[in-house]
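A.B. asks: Need the 3D shape of this:
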Amino acid sequence: MSDARTPAQIEADIVRRREQLAVTLDEIGIRVHPKTIIGDAKAKVAAQVDHTAGRAFVAVNRLVSDVKARFTHDDGAPRLERVVPAALVAVAVVGLIAVSSRRGKG
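C.D. replies: The predicted structure follows:
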């Protein structure tokens, strides 16, 4: 048995390899096209923004839960020993802002 190929087999192999090369070149052309590069970059940025926004949401949610836990009992009832002083501080701050804004106008 010889491994010699016929001219027709060689020609068919060349045609097949040319087609494979053409497909490969088309894929390379698509990958290096500016629109593809920009699209990939946008997708990466969007994914990073989504990831960052998700982490921020989790952090804020945790903070809100922590603050809520400080001002409420486990059953959800408010802890008056903590709510009343916080409310007084908030009223005092609003009052100071109101007084300072009146002085600025007069």
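A.B. asks: contacts, neighbours, all on C-alpha from now
C.D. replies: OK.
A.B. asks: so what does the lengthiest helix in the chain touch, helix or strand wise?
C.D. replies: Longest helix in the chain by number of residues (criterion: DSSP state H): helix 34-71. Other elements packing on helix 34-71 under the criterion 3 or more Cα pairs under 8 Å, 6 or more residues apart in numbering; DSSP states H and E are helix 80-105.
A.B. asks: what packs against the helix it packs on?
C.D. replies: Using 3+ Cα pairs under 8 Å, 6+ apart as the contact test, the elements touching helix 80-105 are helix 34-71.
A.B. asks: average pLDDT across the helix it packs on?
C.D. replies: For helix 34-71, the mean pLDDT works out to 94.
A.B. asks: list the buried ones in it?
C.D. replies: By 16 or more other Cα atoms under 10 Å, the buried positions in helix 34-71 come out as Phe71.
A.B. asks: could you give the angle of that helix to helix 80-105?
C.D. replies: 120 degrees (axes from the mean of the first three to the mean of the last three Cα atoms, to 10 degrees).
A.B. asks: Now find how far off-centre helix 34-71 is within its chain.
C.D. replies: Distance, stretch centre to chain centre, for helix 34-71: 4 Å (Cα atoms, centre = their mean, to the nearest Å).
A.B. asks: Kindly report the same for stretch 93-106.
C.D. replies: With Cα atoms, centre = their mean, you get 41 Å for stretch 93-106.
A.B. asks: any idea of the mean pLDDT in it?
C.D. replies: Mean per-residue pLDDT for stretch 93-106: 85.
A.B. asks: Next, find the distance separating the residue most central in space within the chain from Gly39.
C.D. replies: Among the residues of the chain, Asp50 comes closest to the average C-alpha position under Cα atoms, centre = their mean, at 1.5 Å. Counting by Cα to Cα, to the nearest Å, the separation of Asp50 from Gly39 is 16 Å.
A.B. asks: now Leu80
C.D. replies: 55 Å.
A.B. asks: With adjacent residues omitted, what lies nearest to Val83?
C.D. replies: Leaving aside its sequence neighbours, Val83 sits nearest to Phe71 (Cα to Cα, 6 or more residues apart in numbering; 6.1 Å).
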